[in-house]
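>>> Sequence and computational prediction follow.
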Amino acid sequence: MPMTGVLRPGHVQIRVLDMDASITHYVDRMGLLETDRDEQGRVYLKGWDEHDWFSVVLRPADAPGMDFMGFKVDSVETLNRLEQALKDYGCETTRHPAGDLKHCGERVSFVSPMGHTFELFAQKDYIGNGLGNKNPHPWREDLKGMKVHRFDHCLLYGDDLDGAVKLFTEVLGFQQTEKVMVGPDQSVQIASFLTCGMKAHDLALIRHAEKGKLHHASFLLRSWEEVLHAADIMGRYKIPIDIGPTRHGITRGRTIYFFDPSGNRNETFCDSYDWYPDSPEITWTEDELGGAIFYHDQQLNERFLNVVT
């Protein structure tokens with residue numbers, strides 16, 4: 001049982017401008033698997049090593065960005081408890097019926113102080129990873145492109161970072177693993193990395209003037225060689241690369257950033273570290289911000305910092 005009741009990031013709904021081009025990008029190039037479509041025109045996808053029916057939903061829209069990010073909790077009882085905790089904290093919540101997202105049970109949504117919509121859910125249909133659960137092979141033969149393993153996290157931009165961190169830590173039980181402090185006395189926090197389990201982060205938040213912005217949705221690979229293979233796929237199919245392959249000081253992840261056809265930023269990454277409840281919180285300061293973000297060249301990149309959807 002998770003310490004917080006929140007198991008992991010469960011899904012993200014991304015707005016896309018051209019569905020056919022987006023399916024080519026996310027399925028043929030990144031290697032996500034299509035699992036369903038609905039009457040709203042949404043397309044449901046999953047990483048090959050995920051067991052729930054979907055983790056990414058593409059919605060046709062007129063502007064790119066993120067509609068919502070969902071976290072799976074360990075039981076219906078936890079869902080009800082956290083819904084009440086959010087209400088007691090002063091958050092307005094909305095209960096969505098089972099099936100509103102195909103293959104997903106009831107969802108409780110709320111808007112964070114940074115302007116993003118999040119939701120919690122306890123139940124989702126099982127589809128498996130295609131390997132079976134008895135004497136399974138370690139990999140599938142039918143994967144395409146970058147062969148991403150799973151949806152991992154999002155990095156989000158918004159104005160009230162302090163309020164969002166307080167909500168996630170005090171109400172939902174997340175822990176802050178790393179933070180970035182700036183100002184003459186390093187007293188202003190501009191970034192927070194939060195975990196609900198044993199990862200370096202399940203959610204990253206950046207202070208920004210506008211509410212509700214998506215910096216990137218991230219997908220897990222398992223080795224530096226897989227990250228370099230992803231870069232080869234980008235080169236072959238002329239997928240626009242933002243930055244990388246490189247390494248972060250923050251979270252230690254080895255990474256490459258790129259854009260989908262709608263302008264949404266994606267990340268494929270590997271490595272990082274395991275986090276435990278007695279792990280110390282890591283602080284990064286303004287004078288080392290270049291290396292915190294891009295450890296190899298120690299330089300900030302304005303496009304990486306400022307382009308959001």
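Arrived safely. Numbers count the residues shown, from 1 in each chain.
>>> ok, residue 149 - contacts?
The contact partners of residue 149, by Cβ atoms under 8 Å, 6 or more residues apart in numbering, come to 47, 48, 49, 50, 219, 220, 221, 222. Where C-beta positions appear, they are placed from N, C-alpha and C, glycine not excepted.
>>> 10 Å instead?
Contacts for residue 149 (Cβ atoms under 10 Å, 6 or more residues apart in numbering) come out as 31, 47-50, 129, 143, 219-222, 226, 268, 270.
>>> Mind checking which of those land in helices?
Judged by DSSP state H, helices contain the following of those: residue 226.
>>> and the gap between residue 263 and residue 183?
Separation of residue 263 from residue 183 (Cβ to Cβ, to the nearest Å) stands at 32 Å.
>>> So these two - more neighbours on which side?
Between residue 263 and residue 183, counted using other Cβ atoms under 10 Å, residue 263 has the larger neighbour count: 15 against 11.
>>> Report pLDDT for that one.
Listed pLDDT for residue 263 reads 98.
>>> can you check residue 11 too?
pLDDT, read off for residue 11, is 98.
>>> Distance of it relative to residue 131?
Using Cβ to Cβ, residue 11 is found at 21 Å from residue 131.
>>> Kindly report the same for residue 45.
Distance, residue 45 to residue 131, using Cβ to Cβ: 18 Å.
>>> Contacts only, for the residue lying closest to residue 125 once chain neighbours are set aside.
Leaving out its chain neighbours, the residue that sits closest to residue 125 by Cβ to Cβ, 6 or more residues apart in numbering is residue 103, at 3.9 Å. By Cβ under 10 Å, 6+ apart, residue 103 lies in contact with 35, 36, 38, 44, 52, 53, 54, 123, 124, 125, 126, 127.
>>> now with 8 Å?
By Cβ under 8 Å, 6+ apart, the residues touching residue 103 are 35, 36, 44, 53, 54, 124, 125.
>>> so what's the third one up against?
The contact partners of residue 44, taken as Cβ under 8 Å, 6+ apart, are 34, 35, 36, 37, 38, 53, 54, 56, 57, 102, 103.
>>> And the last one, what's its pLDDT?
Listed pLDDT for residue 103 reads 98.
>>> again, but for the fourth one
With respect to pLDDT, residue 37 has a value of 98.
>>> Next one: it from residue 304, what distance?
Distance from residue 37 to residue 304, counting by Cβ to Cβ: 33 Å.
>>> Out of the contacts of residue 149, who's the most crowded?
Counting neighbours by other Cβ under 10 Å, residue 268 leads those with 29 neighbours.
>>> can you pull the contacts of that residue?
Residue 268 makes contacts with 30, 146, 148, 218-221, 226-227, 230, 255-256, 258, as judged by Cβ under 8 Å, 6+ apart.
>>> so it bridges to which residues?
residue 219, residue 256 (DSSP bridges).
>>> do the same with residue 96
Beta bridges link residue 96 to residue 107, judged by DSSP bridges.
>>> where exactly do the strands run in the stretch 201-309 of the chain?
For the stretch 201-309 of the chain, applying DSSP state E, counting those that start in this stretch gives strands covering 203-207, 213-220, 241-247, 254-259, 265-270, 282-285.
>>> for stretch 166-173, which positions count as buried?
Buried residues in stretch 166-173, counted by 16 or more other Cβ atoms under 10 Å: 167, 168, 171, 172.
>>> correction: stretch 61-79
For stretch 61-79, the neighbour count (16+ other Cβ under 10 Å) marks 61, 64-73, 78-79 as buried.
>>> what do you get for stretch 182-191?
182, 189, 190, 191.
>>> Reformat those residues as JSON lines; add secondary structure and distance to residue 208.
Formatted as JSON lines, the buried residues of stretch 182-191 follow (DSSP: H, G, I helix; E, B strand; the rest coil; distance: Cβ to Cβ, whole Å):
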{"residue": "182", "secondary structure": "strand", "distance to residue 208": "13"}
{"residue": "189", "secondary structure": "strand", "distance to residue 208": "13"}
{"residue": "190", "secondary structure": "strand", "distance to residue 208": "9"}
{"residue": "191", "secondary structure": "strand", "distance to residue 208": "10"}
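>>> In terms of distance to residue 20, which of these ranks first?
Distance to residue 20, by Cβ to Cβ, is smallest for residue 191 among the buried residues of stretch 182-191, at 35.8 Å.
>>> Name the nearest residue to that closest one, ignoring sequence neighbours.
Excluding the flanking residues, the one nearest residue 191 by Cβ to Cβ, 6+ apart is residue 180, at 3.8 Å.
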